[in-house]
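# Sharing a model prediction with you, sequence too.
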Amino acid sequence: MIPPTTRNPAPMAPRLQGAGLTHVGRVRDENEDSILTDPAGLLWAVADGMGGQGHGAMASDIVIDHVAKLDDHAPAAPTLRAALLAANAAILDLAAQQNLGQIGATAVVALIQSCVAHLAWAGDCRAYLLRAGHLRLLSRDHTVVQEMIDEGLLSDENRERHPQRHVVTRAVGADPALEIDHVSAPLVPGDRLLLCSDGLTTCLPDSRIADLIGAAGDPREACTDLLRAALEAGAPDNVSVIVVGVEG
């Protein structure tokens, strides 16, 4: 008698669950941050506008509008780059047409495909990965201070005390020849991906961010706890956070 054929069931794909919050903070009159959250769990973005008089909010909205049009299943790196370059051109056109001077937005975008997070960014919005309690910075700031650290002129410990810590060297809408950085990070069950504006990282050290995300029961609780902690720390800038969890 030939024994019946047995097959191992196919493993279930990890499930993505995410949430995002944005807040004006304790000092600013207007929230110039914008965020994109995706019910499908695949596309997420934070944009931090600059330009004042509401123009920063216009710039961050343009970034989010262009990112929101992305095809979730298109090749990640060129698709993310194309969206940010299109937003760059649109912001430059708007500034020229309305004589607004220089406006723009720093931004970080995540497109998750086959449990790999593809990230693109310009400026000092950040992406982190929390795995097994360890928080790893995936992005690299485009700032004057980061360049000084890279050249050995400043220690990382003195980053937040430097008077030029908020001076960015790249932003969407700031230069026709925008350079965009990209990195990919495989995700496994238990991981949590964080996207945030510098309004969070100015207020909270990485160790505190790791503790809050790790202790939260789900991404929405993590966002709430991060925002609350930033507000308790004074929140001199707008604060935006997105947390995406990978469920087994």
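Yep, it's here. Note that the structure is predicted; figures quoted are calculated from it, not measured. Numbers count the residues shown, from 1 in each chain.
# which residues in this structure form helices?
For the chain, the helices defined by DSSP state H cover 55-68, 76-97, 144-150, 198-201, 206-215, 219-232.
# ok, now how distant is Gln102 from Ala96?
Remark: distance between Gln102 and Ala96 (C-beta to C-beta, to the nearest Å) = 11 Å. Bear in mind the C-beta positions are built from the backbone N, C-alpha and C, glycine included.
# Which one of those two is surrounded by more residues?
When Gln102 and Ala96 are compared for neighbours, Gln102 comes out ahead with 15 against 9, by other C-beta atoms under 10 Å.
# list the contacts for that one?
Residues near Gln102 by C-beta atoms under 8 Å, 6 or more residues apart in numbering: 51, 95, 173-174.
# hey, which helix or strand in this protein has the poorest pLDDT?
The weakest-scoring helix or strand in the chain, judged by mean pLDDT, DSSP states H and E, is helix 144-150 (a mean of 79).
# Return the distance of it from the chain's centre.
Taking C-alpha atoms, centre = their mean, to the nearest Å, the mean C-alpha location of helix 144-150 is offset from the chain mean by 20 Å.
# Could you export that helix as PDB, CA atoms only?
Listed in PDB are the C-alpha atoms of helix 144-150, where the atom choice follows Å, rounded to 0.1, in the frame of the first residue of the first chain:
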ATOM      1  CA  VAL A 144      25.100  70.200   8.900                       C
ATOM      2  CA  VAL A 145      25.600  68.500  12.200                       C
ATOM      3  CA  GLN A 146      25.600  65.000  10.700                       C
ATOM      4  CA  GLU A 147      28.300  66.100   8.200                       C
ATOM      5  CA  MET A 148      30.400  67.400  11.100                       C
ATOM      6  CA  ILE A 149      30.000  64.100  13.000                       C
ATOM      7  CA  ASP A 150      31.000  62.200   9.800                       C
END
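# List the buried residues for it?
Within helix 144-150, the residues scored as buried using 16 or more other C-beta atoms under 10 Å are 144-146, 148-149.
# And stretch 172-187, by the same measure?
If you call a residue buried by 16+ other C-beta under 10 Å, then stretch 172-187 has these buried ones: 172-174, 178, 180, 182, 185, 187.
# Tell me the one among these nearest to Asp33.
Nearest to Asp33 among those: Val172, at 13.3 Å, using C-beta to C-beta.
# so that closest one touches Ala90, yeah?
No: the criterion here is C-beta atoms under 8 Å, and Val172 misses it with Ala90 at 9.3 Å.
# Mind pulling the model confidence for Glu157?
In the predicted model, Glu157 carries a pLDDT score of 66.
# For this structure, give me the ranges with low pLDDT.
Judged by pLDDT under 70, the chain has its weakly predicted residues at 1-12, 53, 156-165.
# Could you rerun that using 50?
For the chain, residues meeting the criterion pLDDT under 50 lie at 10.
# With respect to Ala117, which of the helices of the chain lies nearest?
Each of the helices of the chain was checked against Ala117 via C-beta to C-beta, and the shortest separation belongs to helix 76-97, namely 9.2 Å.
# Could you list the buried residues of the closest one?
Neighbour-count burial for helix 76-97, with 16+ other C-beta under 10 Å as criterion, is recorded at 76-77, 79-92, 94-95.
# And the contacts of it?
With C-beta under 8 Å, 6+ apart as the test, helix 76-97 has contacts from 55, 58-59, 62-63, 65-67, 69-71, 100-105, 107, 109, 111, 113, 116, 118-120, 122, 172-173, 175-176, 178, 180, 182, 184.
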